[in-house]
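Asks: Need coordinates for the below:
(one chain, ligands or ions: 1)
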Amino acid sequence: MNHFFRLVYFLKYAKKETAIRILLGLGIVGAQFSQTWFLAKMVIAVCEKRNMKEILLFFLAEFLSLFIRAGLIKYQEYFLKKYAAKVKNEIRSQILDKIMVLGPSFKNDQRTGNLQSLITDGVESLEAFLTQYIPQIAVVIFTTIFVTTFMCRLDRTVGLLLFFMSAVTVIVPHVFMPAVSDVMVLYWKEYAQLNAQYIDDMQGMSTLKSLGVSKKEGKRLKDQAIGFAAESMRNLGISLSDSTLITICITAGTSISILLSAIHVAQGKIPYAVLIQVLFLAGECLKPMNDLSIYWHNSYTGLSVAEELLYVLDYPVPEKTKENLQTTGIGEKPEIVLRNLSFQYEKDGADVLKNVDMVFESGKVTAIAGKSGSGKSTIVNLLLGFYETEKNRIQIDGKALESFESDYLRSQISVVFQDSFLFYGTVRDNIRMARPEASDAEIIQAAMAANVHEFIVNLPNGYDTLVGERGATLSGGERQRIAIARAILKNAPILILDEATSSVDCKNEQEIQNALKEAMKDRTTLVIAHRMTTIEDADRIYVMQNGLVEGCGTHEELLQKDQIYQNLVRAQSYE
Ligand SMILES: Nc1ncnc2c1ncn2[C@@H]1O[C@H](COP(=O)(O)OP(=O)(O)OP(=O)(O)O)[C@@H](O)[C@H]1O
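Replies: Residues are numbered from 1 along each chain as shown. A predicted model of the protein is given here:
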């Protein structure tokens with residue numbers, strides 16, 4: 001029930017549209033009621049052999065109501081699309097904003113496919129509940145007041161009976177609510193998991209094929225689809241039982257109203273003309289309730305999504321993002337200090353960083369070397385504020401990292417990750433992303449610096465060539481060089497190269513190294529590299545092992561005195 005009202009709250013972002021939807025609903029019901037009432041009046045006039053003019057007048061009034069109703073229905077169809085789009089856009093942007101605020105630490109804990117299902121199909125399925133069912137409740141309430149008053153004037157008992165039936169049709173679904181909520185949640189979980197599995201399999205298709213397990217995986221997917229189908233049937237079974245109950249109430253309400261009126265005519269309590277009106281109107285009076293039941297039925301999937309949707313929206317925001325934070329204070333060549341920094345990814349988990357002390361000097365190049373899993377990328381994640389650390393353990397220009405607003409902090413850092421992500425779009429758009437206001441000339445300049453201009457101009461449409469999803473149409477090295485151009489264009493005072501040249505060949509690597517030297521000028525740079533050759537020129541190199549800093553110095557110094565570093569270099573020379 002709590003979820004029910006939380007979902008209704010989303011309509012506050014489309015108050016005007018919700019009011020129009022209710023008015024349109026009332027207009028349609030009113031036109032339909034008038035049409036039937038004029039028809040009843042015309043039938044009575046014909047039976048009583050009244051004059052032609054009166055009959056014709058009822059006939060024209062009935063047709064006019066019919067046209068008004070048809071016009072309103074048509075407009076409502078068009079309006080509903082706009083209304084639904086506004087509500088769904090609002091919900092989607094709230095989810096996306098929340099995921100962005102929570103950052104990679106939240107995203108890494110979720111299956112991407114689950115989040116994707118929630119944002120696409122999940123939000124889509126809320127349409128029926130929010131834009132049809134909820135406004136229809138208001139339509140039913142107003143209609144009930146009008147119908148009860150109108151019908152009570154014809155036949156008091158029938159009016160009260162119709163009022164009772166209307167109330168039942170609104171209340172029944174909510175009586176069923178606790179019983180169905182578990183089933184609905186399970187239904188959505190099955191659906192989201194099936195979707196996530198499907199996306200996983202599509203993305204990992206080459207791996208599945210190469211491992212020769214694609215058939216086995218196909219069978220797993222099929223079993224999951226069967227599980228989902230079973231859950232759908234359970235969901236359908238419950239939703240059908242409450243809509244069947246509502247249909248029985250409506251049909252019984254109509255029949256009993258007519259029967260009661262007939263008895264009252266026989267008892268001489270009301271004239272037969274009232275019976276004719278009841279005969280025509282009783283069904284019409286309960287029609288909005290019937291529509292309500294259909295909308296309720298269509299709302300089931302939407303309601304099943306509520307738990308997951310609210311889980312994301314209510315997920316606690318890290319403290320840092322809530323406070324009044326600084327949006328200035330990082331200089332042109334900032335100094336970064338890590339003091340006694342320890343970190344675990346999971347609460348009560350093992351320390352991934354252990355009492356790390358490091359200084360990335362202003363305007364200099366600092367490198368971190370170490371075997372896989374030693375904690376190098378974790379330091380990058382912490383510098384970007386993706387995870388929270390103990391306060392004041394990382395300082396930039398003397399100020400605690402957590403005192404900076406996240407957007408500001410990230411605007412001061414250019415990063416090239418080891419698995420650079422390119423978005424579906426043109427090469428130009430992908431580079432420009434770093435600085436949307438950059439001119440075409442600046443984009444070309446950045447691409448030249450990253451040694452990728454030649455490659456781009458030789459593409460079929462040059463800078464306007466579309467790159468596939470995740471840059472799938474390009475090689476790892478090409479993707480990386482475009483990402484480097486993006487980082488160069490951003491022109492931030494801190495440059496982080498996290499294995500930036502790991503996927504380029506040696507020739508390209510040397511050229512990129514030269515380009516990066518240019519980019520590193522007058523910046524504070526942190527380089528994390530597998531290949532020792534890429535960090536030989538660094539002003540200072542930290543050597544890490546199992547989350548500990550085990551050594552520090554220049555390449556020559558470390559070669560002389562640091563055994564771990566010597567081993568790293570030796571291991572590399574045999575590769
Ligand atoms: N999101 C995460 N959740 C839990 N543990 C993680 C997460 N990311 C990394 N780790 C763990 O933290 C440790 C350090 O990982 P990190 O990625 O920092 O190492 P690295 O030195 O950068 O390795 P590589 O050179 O292979 O990229 C590893 O044991 C890794 O398994």
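Asks: Look through this protein and tell me its longest helix.
Replies: When the chain is scanned for its longest helix (criterion: DSSP state H), the result is helix 52-107.
Asks: For the helix or strand hosting residue 137, buried residues please.
Replies: Residue 137 belongs to helix 134-154 when assigned by DSSP states H and E. Within helix 134-154, the residues that qualify as buried by neighbour count (16 or more other C-beta atoms under 10 Å) are 134-136, 138-140, 142-144, 147-148, 150-151, 154. (Glycine included, C-beta is placed from N, CA and C.)
Asks: and if you look at stretch 401-408?
Replies: By neighbour count with 16+ other C-beta under 10 Å, stretch 401-408 contains the buried residues 401, 402, 403, 404, 405, 406.
Asks: Need the residues that contact it.
Replies: 101, 103, 320-321, 325-330, 382-383, 385, 388-389, 391-392, 394-396, 409 (C-beta atoms under 8 Å, 6 or more residues apart in numbering).
Asks: Between the two ends of it, how far is it?
Replies: 11 Å (C-alpha to C-alpha, to the nearest Å).
Asks: among the contacts of stretch 401-408, which ones are buried?
Replies: So, by 16+ other C-beta under 10 Å, the buried ones in those are 103, 320, 321, 330, 382, 383, 385, 389, 394, 395, 396, 409.
Asks: Just the ones in helices from those residues, please.
Replies: Those of the buried ones among the contacts of stretch 401-408 lying in helices (DSSP H): 103, 382, 383, 409.
Asks: Serialize those to TSV and add fields for pLDDT.
Replies: TSV is the format used below for these (pLDDT from 0 to 100):
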residue	pLDDT
103	76
382	92
383	92
409	90
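Asks: Out of those, which comes closest to the ligand?
Replies: Nearest to the ligand, judged by C-beta to the nearest ligand atom, of these is residue 382 at 9.6 Å.
Asks: Identify the residue nearest the closest one in space, chain neighbours excluded?
Replies: Distances taken as C-beta to C-beta, 6 or more residues apart in numbering place residue 389 nearest to residue 382, at 5.6 Å, with adjacent residues excluded.
Asks: I'd say that neighbour and residue 339 touch.
Replies: No. Residue 389 is not in contact with residue 339 according to C-beta atoms under 8 Å; the separation is 10.8 Å.
Asks: before we move on, back to that, determine whether any part of the longest helix of the chain lies close to the ligand.
Replies: No. Helix 52-107 stays clear of the ligand (C-beta under 6 Å from any ligand atom), getting no nearer than 7.4 Å.
Asks: which ones are touching residue 483?
Replies: Counted by C-beta under 8 Å, 6+ apart, residue 483 has contacts 416, 417, 420, 421, 422, 500.
Asks: Considering those residues, which possesses the most neighbours?
Replies: Neighbour counts for these (other C-beta atoms under 10 Å) peak at residue 500, which has 27 neighbours.
Asks: quick check, residue 422 in a strand?
Replies: No. Checked against DSSP: H, G, I helix; E, B strand; the rest coil, residue 422 lies outside a strand; its state is coil.
Asks: That one against residue 478, yeah?
Replies: No. Assessed by C-beta under 8 Å, residue 422 is found out of contact with residue 478, at 9.3 Å.
Asks: Show me what from this structure comes close to the ligand.
Replies: Residues of the chain lying near the ligand (C-beta under 6 Å from any ligand atom): 108, 345, 352, 370, 372, 373, 374, 375, 376, 377, 378.
Asks: returning to what we had before: could you work out the most separated pair of the buried ones among the contacts of stretch 401-408?
Replies: 103 and 395 (20.8 Å; C-beta to C-beta).
Asks: center of this protein, which residue is that?
Replies: residue 119 (3.1 Å; C-alpha atoms, centre = their mean).
Asks: could you list every residue that touches that one?
Replies: Contacts of residue 119 (C-beta under 8 Å, 6+ apart): 92, 95, 96.
Asks: Can you tell me which of these are buried?
Replies: Neighbour counting with 16+ other C-beta under 10 Å marks 92, 95 as buried within the contacts of residue 119.
Asks: Tabulate the contacts of residue 119 (JSON lines), appending distance to residue 220 and pLDDT.
Replies: What follows is the contacts of residue 119, written out as JSON lines (distance: C-beta to C-beta, whole Å; pLDDT from 0 to 100):
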{"residue": "92", "distance to residue 220": "30", "pLDDT": "90"}
{"residue": "95", "distance to residue 220": "29", "pLDDT": "89"}
{"residue": "96", "distance to residue 220": "30", "pLDDT": "85"}
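Asks: Could you confirm the residue nearest to the centre of the chain falls within a strand?
Replies: No. Under three-state DSSP, residue 119 sits outside any strand and is assigned helix.
Asks: quick one: it from residue 269, how far?
Replies: Distance, residue 119 to residue 269, using C-beta to C-beta, to the nearest Å: 60 Å.
Asks: so what's residue 453 closest to, chain neighbours aside?
Replies: Residue 453 sits nearest to residue 447 (C-beta to C-beta, 6+ apart), 4.2 Å away.
Asks: Help me confirm that that neighbour comes into contact with residue 430.
Replies: No. Residue 447 is beyond contact range of residue 430, at 10.6 Å (criterion: C-beta under 8 Å).
Asks: Looking at the two, which one has more neighbours?
Replies: Regarding residue 447 and residue 430, a neighbour count based on other C-beta under 10 Å identifies residue 447 as having more, with 27 against 23.
Asks: tell me which element that one is part of?
Replies: Here residue 447 is assigned to helix 440-449, by DSSP H and E.
Asks: And the residue nearest to residue 382, how far from residue 334?
Replies: Following C-beta to C-beta, the distance that separates residue 389 from residue 334 is 18 Å.
Asks: quick one: contacts for the residue lying closest to residue 433 once chain neighbours are set aside?
Replies: Nearest residue to residue 433, sequence neighbours excluded (C-beta to C-beta, 6+ apart): residue 486, at 6.3 Å. Residues in contact with residue 486, defined by C-beta under 8 Å, 6+ apart, are 416, 430, 431, 433, 434, 446.
Asks: Just give me the closest of those residues to residue 265.
Replies: Checking the contacts of residue 486 one by one against residue 265 (C-beta to C-beta), the nearest turns out to be residue 433, at 76.8 Å.
Asks: Any idea how many residues pack against the closest one?
Replies: 15.
Asks: which residues of the stretch 201-350 of the chain fall in helices?
Replies: For the stretch 201-350 of the chain, applying DSSP state H, counting those that start in this stretch gives helices covering 205-211, 214-266, 272-285, 287-298, 300-314.
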